[in-house]
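Visitor: pasting the sequence and the predicted coordinates here, then a few questions.
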Amino acid sequence: MSLAVLERLGLHKHPRILTGSAIKPGTPTPTPGQVVVTNPATGKAVAAVRLDDAASYEKVITESQEAFKRWREVPAPVRGQVVRAIGDAFREHKEALGELVTLEVGKIRQEGLGEVQETIDIADYAVGLSRTLSGPMLQSERARHRLYEQWLPLGLVGVISAFNFPNAVWAWNSMLAAVCGDVTIWKPSLLAPLTAIASNDLAEKVAASLGHPGIFRLVIGTDQEIGERLVADKRIPLISATGSSRMGKRVGEIVAGRLGRTLLELGGNNAVILHKDADLDLAARSILFAAVGTAGQRCTTTRRLIAHESVVDEITRRLVEAYRKVQIGDPLKEGTLVGPLVSPGAVETFLSALAKAKEQGGKVLVGGERAANLSPEISGGNYVMPAIVRAPANNALPIALQETFAPILYVFSYRTFDEAIALHNGVDQGLASSVFTENLHVSEAFLATSGAGSDCGLAYVNLGTSGAEIGGAFGGEKETGGGRESGSDSWKAYMRRQTVAINYGKELALAQGIRFGE
Ligand code: UN1
C-alpha cells in the first residue's frame, strides 16, 4: 500500500522522494543527504527523502523574500480565496493524505483523517478571518485627529513541526500566515517528511495555479544543518515551533538573542480531576480516548488522573477493563484503537519510564509491555500495551512530573479539592486540563476567575484533555511555552501592529497638552 498512496498523491516521481533501490540502505538515518522514512507499523523502509543543505536553504529564503513582496500586495480577502481553494484541495485528498499520515507516524485511520479535517477546518477559519482582520479605532485627545491601529503582514514565518501532527499544526500556522500576507517556510519533523511534501506541494500548487507561487516553502533537514540556521536567521521575524520543552528553550533562547518573535507550543503533562460526583461512564470513555488515542503521543494526551478517594478504585477498575479490551494493531485496520509508537526509541522511552515508576513505588495495573508478539502480522512494528500506573498512597511519583511521550496514565487520589488542584498544578507544564463533575461549585473553582484553579492554557469540563476544536486559541503556560495558535485572535502573532495618528486639521496640537515655542 505504501507506494500506492504516494501514487494517489502524485508523489511517486517526486524529485525529492526516492523509492526502491534508490534508498541508501542501513541506519543510522539520516545518512548524509537523505532521510529514510520507516513505517512504524512494520519497521520497513517506505521511501527516502533528499535533505536540504546550506545552499538550497539560502535559495528558499531569498525566493521567499521576493514572493513576500508580491503576496503582501494582494488584498487579504483575495488571499482568503486562495486559502479557500487550498481547503478544497485538502477535502479532495483527505483520504489519501490521512493514509499517508498513518503510513509515516502510525496514527489509526480515524485519527489520520481527523488530522486532515483539522487542516480543512483551519483553512475555512482563515477564509473568514481574511475579511475581518482588524484593529481598533481609538479616541484621540486632540481635535481633528484620528487614532487607530492597523495590522500589517509580518514577512517570513518559520514553522517547526513535530511528528505527531505532521499536517494540522503546519496548517494552523500556514493558513493564518497566508491570509495575513506572509510566506511560510516549513521545517517538518524528519519522522514525517512525506506528509510534509504532500501537504506543502498541494498548497503551493493551488496557490501557484491562482497566480501566487512561492508562498508555501519547505526546508527539510537535520536540526544542526537546517533547524539552527532557520532559528538564527534574522530574515525570519517569527519562528513558530512545536515540540519538546527542551527544544523550545533552545529555540526561544536563539530567537530572543536576535530579538525575533517566537510562538512556542511545547510539552504537556495534562491531568483530569475526577470529582466524587462525576459521571463515571462519560469520564471513563473520555479518559480512554485522551490517554490511549494517538498511542499517547499528543501534546494534549491525558497523562495523569487525579481522582477523589471515594471513586478512585472504581474508575481505575473500569479503565483497566477498557485497556484490556483495546484493540492494538495495524493502524489501517477497522476496529484498531491503538497503533504503533513512532519509533523504536519511543518504545524504549516508554519501557524505561515504567521501570522508573516501579522503582519509585508505582504499581503497573495493566499493560506496560511490548505488544509486537500479540500477533505475527504486527511483529515488526513499534507496538506497546498502554499502561496504567497507580501512584503510591502518598502520591509521590517523580516520574509523573515528566512528560513521557507514550501511553502511560498515572493515577493519583485526593481528599480535598485544594489537594487535587495542588497536584494538578504541581508540574512544570501547563497545556490542557480537565475536571469531571456535576457540581457547579467544583467546576467553577477549577475555572476560577482569580486564576486559583487550573493553571493551563486549555481548561475543560466533562471532556478529556485532548481533541481541541480549531476555533479556540490553542497553547499553554509555563514550560508549554506561552504561545497561542489556531483560533481566536492567534492571527495577531503573524502580523505587525502599527498605531496610526493622523492630523486632519491645520493646527499643531501636541499630545499631553505641551506648548512648544508659541
Ligand atoms: C498536539 O498534540 O501537538 O487538541 C496538537 C488536540 C489536537 C491538537 C493536538 N486538536 O488534541
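Guide: Arrived safely. Source: prediction; values computed, not measured.
Visitor: in a helix, residue 324, correct?
Guide: Yes - assessed with DSSP: H, G, I helix; E, B strand; the rest coil, residue 324 lies in a helix.
Visitor: residue contacts, it?
Guide: residue 366 (CB atoms under 8 Å, 6 or more residues apart in numbering). Glycine gets a C-beta too; all of them are placed from N, C-alpha and C.
Visitor: what's the helix or strand bottoming out on mean pLDDT in the chain packed up against?
Guide: Among the helical and strand segments of the chain, the one scoring lowest on mean pLDDT, DSSP states H and E is helix 2-8, with a mean of 86. Packing partners of helix 2-8 (3 or more CB pairs under 8 Å, 6 or more residues apart in numbering; DSSP states H and E): strand 45-50, helix 94-105.
Visitor: can you name the residues in contact with the last one?
Guide: Put plainly, it is helix 94-105. If you take CB under 8 Å, 6+ apart as the criterion, helix 94-105 is touched by 1-2, 5-6, 8-9, 37, 39-41, 46, 90, 107-109, 111-117, 120, 163-164, 166-167, 191-192, 194-195, 198-199, 202, 331-332, 339, 342.
Visitor: now, which of those residues lie within helices?
Guide: In helices, defined here by DSSP state H, the members of the contacts of helix 94-105 are 2, 5-6, 8, 90, 109, 111-117, 120, 194-195, 198-199, 202.
Visitor: can I get the buried part of the residues you listed as one ChimeraX selection?
Guide: A single ChimeraX command selects the buried members of these (16 or more other CB atoms under 10 Å):
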select :2,5,6,8,90,109,111,112,113,114,115,116,117,120,194,195,198,199,202
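Visitor: which parts of the stretch 351-500 of the chain are helices?
Guide: Ranges of helices in the stretch 351-500 of the chain, per DSSP state H, counting those that start in this stretch, are 417-425, 440-446.
Visitor: out of the ones you listed, which is the most enclosed?
Guide: Mean neighbour count (mean count of other CB atoms under 10 Å) peaks for helix 417-425 among those, with a mean of 19.
Visitor: just how off-centre is that one within its chain?
Guide: 26 Å (CA atoms, centre = their mean, to the nearest Å).
Visitor: quick one, phi/psi of the residue positioned nearest the centre of the chain?
Guide: By CA atoms, centre = their mean, the chain has its centre lying nearest to residue 169, at 4.8 Å. The phi and psi values for residue 169, taken as degrees, to the nearest 10, are phi -70, psi -40.
Visitor: so how far is residue 431 from it?
Guide: 14 Å (CB to CB, to the nearest Å).
Visitor: can you pull the contacts of residue 46?
Guide: Residue 46 neighbours (CB under 8 Å, 6+ apart): 2, 19, 37-39, 103-104, 194.
Visitor: residue 493 is in contact with residue 475, isn't it?
Guide: No - contact status for residue 493 versus residue 475: not in contact, 10.1 Å apart, counting by CB atoms under 8 Å.
Visitor: tell me which of those two has more neighbours.
Guide: A count of neighbours by other CB atoms under 10 Å puts residue 475 above the other of residue 493 and residue 475, at 26 against 21.
Visitor: need the contact list for that one.
Guide: 263, 265, 431, 457-458, 481-485.
Visitor: write out the residues of the stretch 151-300 of the chain neighbouring the ligand.
Guide: 164-165, 169, 242, 298-300 (CB under 6 Å from any ligand atom).
Visitor: one more pass at 8 Å, please.
Guide: Selection of the stretch 151-300 of the chain residues close to the ligand by CB under 8 Å from any ligand atom yields 162, 164-165, 168-169, 242, 265, 268, 294, 297-300.
Visitor: of the residues you listed, grab the buried ones for PyMOL.
Guide: Under the burial definition 16+ other CB under 10 Å, those of those that qualify are selected in PyMOL by:
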select buried, resi 162+164+165+168+169+242+265+268+294+297+298+299+300
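Visitor: how far away is the residue lying closest to residue 260 once chain neighbours are set aside from residue 65?
Guide: Among residues not flanking residue 260 along the chain, residue 237 sits closest, at 5.8 Å (CB to CB, 6 or more residues apart in numbering). Look at residue 237 and residue 65: by CB to CB, they are 12 Å apart.
Visitor: between those two, who's got more neighbours?
Guide: Taking other CB under 10 Å, residue 237 and residue 65 do not tie; residue 237 has more neighbours (19 against 15).
Visitor: let me know whether the more buried one touches residue 152 as I believe.
Guide: No - contact status for residue 237 versus residue 152: not in contact, 11.5 Å apart, counting by CB under 8 Å.
Visitor: could you tell me which residues touch both of those two?
Guide: With CB under 8 Å, 6+ apart, residue 237 and residue 152 have common neighbours residue 496.
Visitor: what backbone torsions are found at residue 503?
Guide: phi -100, psi 110.
Visitor: what's the spacing between it and the ligand?
Guide: According to CB to the nearest ligand atom, to the nearest Å, residue 503 stands 48 Å off from the ligand.
Visitor: tell me who's in contact with the residue nearest to that residue when sequence neighbours are not counted.
Guide: When the adjacent residues along the chain are set aside, residue 503 lies closest to residue 145, with 5.5 Å between them (CB to CB, 6+ apart). When contacts are counted by CB under 8 Å, 6+ apart, residue 145 touches 501-505, 509.
Visitor: can you check residue 389 too?
Guide: 354, 357, 362-365, 368, 397, 400, 408-411.
Visitor: what about the closest residue to it other than its chain neighbours, how many residues nearby?
Guide: Nearest non-adjacent residue to residue 389, counting by CB to CB, 6+ apart: residue 362, 4.4 Å away. When neighbours are defined as other CB under 10 Å, residue 362 has 25 of them.
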